[in-house]
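Student: I'll drop the sequence and a predicted model, then ask my questions.
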Amino acid sequence: MDVREATTADRDSIRRVADASLEATYADALGEDIVRTAAEEWYQDDRLQDQFADESVRYLVLGNDEDVVAFSESELDDDAAAIDWLHVHPDYRDRGFGVRLLEATEVSLVDSGAERLEGRVLAENEEGNDFYRAHGYVRTGARTVDIRGNEYTEHLYVKAPEGGGSAELTEQVETPLGAMFVAFDERERGSKAAFYTAYRTKDRESKYGFYCANCHSINTSMDAMGRVQCEDCGNQRKATRWDSSYL
């Protein structure tokens with residue numbers, strides 16, 4: 001089986017793999033209705049068509065001409081790339097297909113300019129957490145995600161290609177409110193540029209809010225639905241994979 005870029009002809013196969021993978025991985029923790037709805041919403045034809053047309057999104061599939069057994073979905077944002085999903089159909093797990101797909105995905109992203117690779121896994125997915133740690137990813141933090149009104153912990157992982165640099169990237173920036181410490185390994189996609197978590201202290205014990213990479217401002221706000229916006233340039237946080245707006 002080979003790894004290749006996905007095409008519109010793979011849409012049905014991608015949905016089939018995602019549905020089976022999500023159910024096997026998350027049904028016990030989240031509930032069958034949630035994972036079923038997630039697969040239907042995320043991998044419907046219209047969204048996949050938009051994803052394939054988006055130059056910042058990368059879909060790779062593993063399989064032969066007639067049967068796709070795994071796929072990855074990634075997002076490129078400047079010099080960082082997030083592997084949002086790496087799904088292997090349950091019938092084809094434990095055969096090394098996940099490793100092959102991960103390695104091919106990493107090569108594709110680095111060749112496209114990524115200098116930092118990110119992975120995100122719910123804490124309940126022990127196998128997924130072990131998988132990232134076993135392949136050179138360092139856990140740098142965690143965040144809370146809302147799924148149908150319930151809060152879950154999502155672990156954040158970072159890998160520096162070729163072993164260069166540090167996985168934890170904290171940089172001090174001067175702001176009108178004084179020095180802030182920006183965590184460049186805690187990134188949220190934005191409509192104009194990324195948002196990064198800003199802390200009052202270098203040890204990341206006191207969170208302030210978000211730093212807008214588009215205009216270098218910390219004048220950001222968040223509403224009750226978790227929507228983040230930069231008040232200076234209008235940059236808006238894009239929905240994440242687990243946002244309640246999808247479900």
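Tutor: That came through, no problem.
Student: Could you use CA atoms for every contact and neighbour count after this?
Tutor: Will do.
Student: Report the beta-bridge partners for Met180.
Tutor: Counting by DSSP bridges, Met180 is bridged to Val173.
Student: Does it touch Arg204 like I think?
Tutor: No. Assessed by CA atoms under 8 Å, Met180 is found out of contact with Arg204, at 10.1 Å.
Student: Map the structural domains onto the sequence of the protein.
Tutor: Under the assignment automatic domain parsing, the domains of the chain span 2-165, 170-230.
Student: Arrange the ones you listed in TSV, one row each, with mean pLDDT as further columns.
Tutor: TSV is the format used below for the domains of the chain (pLDDT from 0 to 100):
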stretch	mean pLDDT
domain 2-165	90
domain 170-230	90
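Student: Let's have those domains in a markdown table, adding mean neighbour count.
Tutor: Listed next are those as a markdown table, based on neighbours: other CA atoms under 10 Å:
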| stretch | mean neighbour count |
| --- | --- |
| domain 2-165 | 17 |
| domain 170-230 | 18 |
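Student: So which of those domains is nearest Ala239?
Tutor: domain 170-230 (8.0 Å; CA to CA).
Student: picking up where we left off before, export the domains of the chain to TSV and tack on distance to Lys238?
Tutor: Listed next are the domains of the chain as TSV, based on distance: least, CA to CA, whole Å:
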stretch	distance to Lys238
domain 2-165	12
domain 170-230	5
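Student: mind listing the helices for the chain?
Tutor: With DSSP state H as the criterion, the chain has helices at 11-30, 32-42, 45-53, 97-111, 126-134.
Student: residue boundaries of the strands in this protein?
Tutor: Taking DSSP state E, the strands of the chain run over residues 2-5, 57-63, 68-77, 80-88, 116-122, 138-147, 150-159, 170-175, 178-188, 195-199, 207-212, 220-222, 228-230.
Student: The residue sitting nearest the centre point of the chain and Leu102, how far apart?
Tutor: Residue closest to the mean C-alpha point of the chain, counted by CA atoms, centre = their mean, is Asp84 at 3.3 Å. From Asp84 across to Leu102, the span is 12 Å (CA to CA, to the nearest Å).
Student: for Glu124, same thing?
Tutor: 21 Å.
Student: How about Asn125?
Tutor: According to CA to CA, Asn125 and Leu102 sit 17 Å apart.
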